[in-house]
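1. I need the structure of the sequence given here:
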Amino acid sequence: MTPLEMHELLIRVAFALVLGVVIGAERQWRQRLAGLRTNTLVSVGAALFVTLSSMVEDVSATRVAAQVVSGIGFLGAGVIFKEGASVRGLDTAATLWCSAAVGVLAGAGFYWAATLGAGAILLTNMLLRPLVPVLNRKAANDIESEVTYRLRVTCGEEDEARVRESLLKAAGQNEILIRAIFSEDLSQDRAEVVADFLTTGRRDALIEDVLRQLSIAPRVSAISWEIRPEDE
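-> Numbers count the residues shown, from 1 in each chain. Reported below is the predicted structural model:
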């Protein structure tokens with residue numbers, strides 16, 4: 001190896017080292033599983049593997065880079081784990097993958113590309129982080145889930161059929177799906193009609209309007225509604 005080659009090797013490894021430290025420092029500051037040393041070692045290791053292709057004539061840099069990508073896949077899988085219904089470590093694994101890419105570019109001598117990649121990684125991890133809870137809240141507000149309303153109407157026994165018919169008619173006019181409707185006889189010639197309405201999103205005002213129309217009947221003595229839990 002000539003002095004020029006040694007000089008170039010030192011530059012490439014040093015460049016990968018510095019950029020790996022920059023990426024890893026941000027991860028260490030946020031107390032991630034793969035922090036300063038891990039990201040630095042991944043970057044330097046990738047650079048060393050790719051630099052090998054410049055030292056040995058029959059080794060292709062692209063083939064070495066492909067093997068680096070495969071190896072990082074196994075390393076990244078080690079920091080991903082499931083906790084309850086959520087999966088953690090995906091961001092850390094993706095950062096390791098990107099650190100390897102930065103190391104590959106530095107090892108191949110593409111310093112500006114490596115610097116640009118490291119800067120993009122930092123911007124992604126630092127600037128996009130505050131947007132995540134904002135987007136999650138907005139998505140939760142925009143996506144309307146199904147809501148089941150249970151309506152209860154207490155009326156005279158002779159009015160039970162009319163109340164059931166009124167509930168069915170109200171559901172049809174407002175394009176509401178009825179999950180169930182049933183009646184129960186109470187004491188003193190009274191009956192209770194119970195209906196489960198399925199709506200998309202909260203429709204409290206509509207449910208109130210339906211019950212308000214039923215409440216004007218002379219034999220209706222009590223009305224109420226509640227939202228049923230999703231698992232019932």
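
2. domain ranges for the chain, per the record?
-> 3-139, 146-227 (automatic domain parsing).

3. give me the mean pLDDT for the shortest one.
-> Within the predicted structure, the mean pLDDT of domain 146-227 is 86.

4. what about that domain, how long is it end to end?
-> The separation between the terminal residues of domain 146-227, taken as C-alpha to C-alpha, to the nearest Å, is 11 Å.

5. for Val42, see how far away Ala93 is.
-> For Ala93, the distance to Val42 equals 11 Å [C-beta to C-beta, to the nearest Å]. Every residue, glycine included, has its C-beta placed from N, CA and C.

6. and these two? Which one has more around it.
-> Val42 (29 against 19; other C-beta atoms under 10 Å).

7. give the contact list for the closest residue to the more buried one other than its chain neighbours.
-> In space, and not counting its chain neighbours, Val42 is closest to Ser99: 4.5 Å by C-beta to C-beta, 6 or more residues apart in numbering. Applying C-beta atoms under 8 Å, 6 or more residues apart in numbering, one finds that Ser99 lies in contact with Gly20, Ile23, Gly24, Asn39, Val42, Ser43, Ala46, Ile121.

8. beta-bridge partners for the residue nearest to Glu160 when sequence neighbours are not counted, please?
-> Leaving aside its chain neighbours, Glu160 sits nearest to Ala191 (4.5 Å; criterion: C-beta to C-beta, 6+ apart). On the basis of DSSP bridges, Ala191 takes part in beta bridges with Cys155, Asp185.

9. now do Ala191: how many residues are near it, please.
-> When neighbours are counted by other C-beta under 10 Å, Ala191 comes out with 20.

10. please apply the same query to the one 10 residues further on.
-> The burial count assigned to Gly201 is 9, neighbours taken as other C-beta under 10 Å.

11. buried stuff in the longest helix along the chain?
-> Criterion DSSP state H: the longest helix present in the chain is helix 3-29. By neighbour count with 16 or more other C-beta atoms under 10 Å, helix 3-29 contains the buried residues 9, 12-13, 15-24, 26-28.

12. can you give me the helices for this protein?
-> 3-29, 36-55, 61-77, 90-107, 111-127, 131-142, 160-173, 204-215.

13. which residues sit against the second one?
-> Right, the one you point to is helix 36-55. 1, 5, 8-9, 12-13, 15-17, 19-21, 23-25, 27-28, 59-61, 63-65, 67-68, 72, 75, 95-96, 99-104, 106-109.

14. can you check the third one too?
-> Contact with helix 61-77 is made by 42, 45-46, 49-50, 52-54, 92-94, 96-97, 100, 103-104, 108, as judged by C-beta under 8 Å, 6+ apart.

15. and it, how far from the chain's centre?
-> Centre-to-centre, helix 61-77 and its host chain are 27 Å apart (C-alpha atoms, centre = their mean, to the nearest Å).

16. now the fourth one
-> Computed by C-alpha atoms, centre = their mean, the separation of helix 90-107 from the middle of its chain amounts to 22 Å.

17. any idea of the mean pLDDT in it?
-> Mean predicted lDDT for helix 90-107 stands at 86.
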